[in-house]
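Asker: here are the coordinates; sequence isn't available:
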């Protein structure tokens with residue numbers, strides 16, 4: 001065997017797990033698109049990275065439940081990171097994944113971001129895909145009430161096909177032309193089935209074969225809106241945002257910041273306390289009592305965005 005042949009064999013062997021990893025990542029991406037009815041643009045990954053790394057996180061409110069969470073905005077649609085993520089944990093994740101901006105986010109970090117934004121059941125389907133470097137893979141595209149399912153077999157060594165061992169299970173949708181039944185052979189040629197979703201119900205599809213199983217999940221449509229400021233009880237719990245000047249003056253070191261900004265965001269202090277506007281960085285003071293951490297403003301008010309209160313320089 002010559003050197004060129006050795007290099008070719010190595011390249012082929014390395015490309016198989018990579019392709020499998022891309023297939024699994026696509027489950028997360030498509031799951032997010034389906035949940036929020038996003039387009040299938042080729043720049044989805046770059047948009048996701050830049051929205052998370054290069055822009056401030058948004059405060060979101062669920063239009064159905066009224067609950068609050070943090071998230072990003074893609075194509076004008078707010079995407080939630082889930083109510084379980086506090087402001088501190090969300091900012092910690094942003095620092096971890098975006099250490100040098102969106103360009104520094106590698107594939108592993110990108111998958112971590114997608115897992116944070118995807119429905120738990122979509123993440124479960126992704127995990128099932130990751131367990132093997134091949135086998136069945138089941139995907140789907142949702143448009144309003146229409147759903148197109150796609151099923152194929154990814155080669156594993158010398159194995160190029162598999163046989164279904166049970167009828168396909170579909171919950172939450174009707175698939176009139178379902179042909180994936182016991183005994184159906186699935187190869188690398190993609191097979192597609194059209195289904196009709198039942199209103200806004202979640203949809204689960206399970207396929208089992210003599211090689212492995214595959215799962216598809218379509219969550220209920222998620223609808224969030226960006227809110228300009230946090231509810232009072234959230235602000236009291238999470239702390240007040242103050243703008244600490246970059247070029248500090250011992251007697252005029254900070255002012256209240258816009259309470260919707262994230263920690264580390266750019267801010268400025270201006271009149272009346274600062275005749276000449278000065279740039280600063282947002283820091284959050286964690287309160288132990290309601291109102292602690294807010295800077296005093298002229299007239300005795302607390303924590304009003306854009307006002308000119310001052311605070312002694314932090315030691």
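Answerer: All right, it came through fine. Quick caveat: nothing in here was measured; it's all calculated off a predicted structure.

Asker: what ranges do the strands span in the stretch 1-150 of the chain?
Answerer: Applying DSSP state E, counting those that start in this stretch to the stretch 1-150 of the chain gives strands spanning 58-62, 68-74, 77-80, 135-143, 146-154.

Asker: Find the least confident helix or strand in the chain, judged by mean pLDDT.
Answerer: Lowest by mean pLDDT, DSSP states H and E among the helices and strands of the chain is helix 232-238, with a mean of 38.

Asker: Which secondary structure elements does the following helix or strand past that one sit against?
Answerer: Where DSSP states H and E defines the elements, the next helix or strand beyond helix 232-238 is strand 240-245. Strand 240-245 is packed against strand 254-256, strand 266-269, strand 278-285, with contacts defined by 3 or more Cβ pairs under 8 Å, 6 or more residues apart in numbering; DSSP states H and E. C-beta here means a position set from N, CA and C on the backbone, and glycine is covered the same way.

Asker: buried residues in strand 240-245?
Answerer: 240, 241, 242, 243, 244, 245 (16 or more other Cβ atoms under 10 Å).

Asker: Same question for stretch 174-194.
Answerer: Buried residues in stretch 174-194, counted by 16+ other Cβ under 10 Å: 175, 180, 184, 186, 193.

Asker: now, among these, which is nearest to residue 168?
Answerer: Of all the buried residues of stretch 174-194, residue 180 has the smallest distance to residue 168: 4.2 Å, by Cβ to Cβ.

Asker: Isn't the closest one up against residue 193?
Answerer: Yes - Residue 180 is within contact range of residue 193, at 6.9 Å (criterion: Cβ atoms under 8 Å).

Asker: who touches both of those two?
Answerer: Common contacts of residue 180 and residue 193 (Cβ atoms under 8 Å, 6 or more residues apart in numbering): residue 151.

Asker: so how far is stretch 187-207 off the chain centroid?
Answerer: Here stretch 187-207 is found 23 Å from its chain centre; the criterion is Cα atoms, centre = their mean, to the nearest Å.

Asker: If anything else comes up later, I'll come back, but that's it for now.
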